[in-house]
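**Student:** Sequence below, structure please.
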Amino acid sequence: MMLKICVGDILTMKKEHPCGEKRWLVLRTGADLRLRCLGCGHEIMTARYKIEKNIRAVQPGEGPSM
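**Tutor:** Below is the predicted model:
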């Protein structure tokens, strides 16, 4: 089952990024997700299924904010 994830949402992950932040901003959706760390600004793009299993919470956003 796919989670409803939209551009601009903030994902809270189970594990933290090396910078200490657990929250990521969604920049792109589809089969892959592009995320930006809200702590250091690092961007990643990886398969949706790899990210979905590590999500703790989804905070809806107002839309794209780049």
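**Student:** least trustworthy helix or strand in the protein by mean pLDDT?
**Tutor:** Ranking every helix and strand in the chain by mean pLDDT, DSSP states H and E puts helix 48-52 at the bottom, with a mean of 93.
**Student:** Quick one: mean pLDDT for the helix or strand just after that helix?
**Tutor:** Using DSSP states H and E, the helix or strand that follows helix 48-52 in sequence is strand 55-59. Here strand 55-59 scores 96 as its mean pLDDT.
**Student:** that older thread, next, the buried residues of the least confident helix or strand of the chain.
**Tutor:** Within helix 48-52, the residues that qualify as buried are I51, counting by 16 or more other Cβ atoms under 10 Å. From N, CA and C alone the C-beta is placed, and that goes for glycine too.
**Student:** what's that helix in contact with?
**Tutor:** M2, L3, I5, L11, T29, G30, A31, D32, L33, L35 (Cβ atoms under 8 Å, 6 or more residues apart in numbering).
**Student:** Dig out what the fourth one forms beta bridges with.
**Tutor:** Same thing as L11. Beta bridges link L11 to W24, V58 when assigned by DSSP bridges.
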